[in-house]
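Q: Structural data only, the sequence is not supplied:
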């Protein structure tokens, strides 16, 4: 059973605000639901060497995130010995340059992940910043199939 569902969206200025109300029906009766994931943070990674840098530290193929291919992928961050450190969702920014990525990670891991990037970037032309103030993570459930 679903405990909460989006009731309505209210436009205030240029932003939409969603109100939550209790929902005790079956999940199959719910057409769709949108909710902000406040426990997640966003890191923007950019720079001439960002794709090469990320390819060396994540468990998935960063080069698969090209134009006309996958838009997002799960990527586990690994240490130099190949052990798991952090899990992220990696997205190549659609309206930006080829070397700009956005990573979604757990909010309590953002500082450690940023430090990890700064320590290991060496001479790579890579910049990583916390973009959680400008980008928010939303979850969309759609039962219209």
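A: Looks like it came in fine. This one's a predicted model, so the numbers in the text were calculated from it and none came from an experiment. Numbers count the residues shown, from 1 in each chain.
Q: got any ranges where this structure has weak pLDDT?
A: The model of the chain has pLDDT under 70 over residues 1-31, 67-70, 94-97, 143-145.
Q: Can you name the next helix or strand after the longest helix seen in the chain?
A: As assigned by DSSP state H, the longest helix anywhere in the chain is helix 110-120. The helix or strand immediately downstream of helix 110-120 is strand 127-130, counting by DSSP states H and E.
Q: Neighbouring strands - and their directions - for the next helix or strand after that following strand?
A: Stepping forward along the backbone from strand 127-130, the first helix or strand reached (DSSP H and E) is strand 138-142. Sheet pairing of strand 138-142 (DSSP bridges) gives strand 32-36 (antiparallel).
Q: chain center to the longest helix of the chain: distance?
A: Its chain's C-alpha centre and that of helix 110-120 lie 16 Å apart, by C-alpha atoms, centre = their mean, to the nearest Å.
Q: For stretch 73-85, measure first residue to last.
A: 17 Å (C-alpha to C-alpha, to the nearest Å).
Q: who touches that stretch?
A: 54, 57-62, 64-65, 86-90, 103, 113, 116 (C-beta atoms under 8 Å, 6 or more residues apart in numbering). From N, CA and C alone the C-beta is placed, and that goes for glycine too.
Q: For that stretch, list every residue counted as buried.
A: By 16 or more other C-beta atoms under 10 Å, the buried positions in stretch 73-85 come out as 73, 75, 77.
Q: Assign the residue nearest the centre of the chain to helix, strand or coil.
A: Geometric centre of the chain, nearest residue: residue 104, 2.6 Å, by C-alpha atoms, centre = their mean. Put simply, residue 104 is strand when judged by DSSP: H, G, I helix; E, B strand; the rest coil.
Q: could you measure the closest residue to it other than its chain neighbours against residue 76, distance?
A: Leaving aside its chain neighbours, residue 104 sits nearest to residue 89 (4.2 Å; criterion: C-beta to C-beta, 6 or more residues apart in numbering). Distance check for residue 89 against residue 76: by C-beta to C-beta, to the nearest Å, it reads 11 Å.
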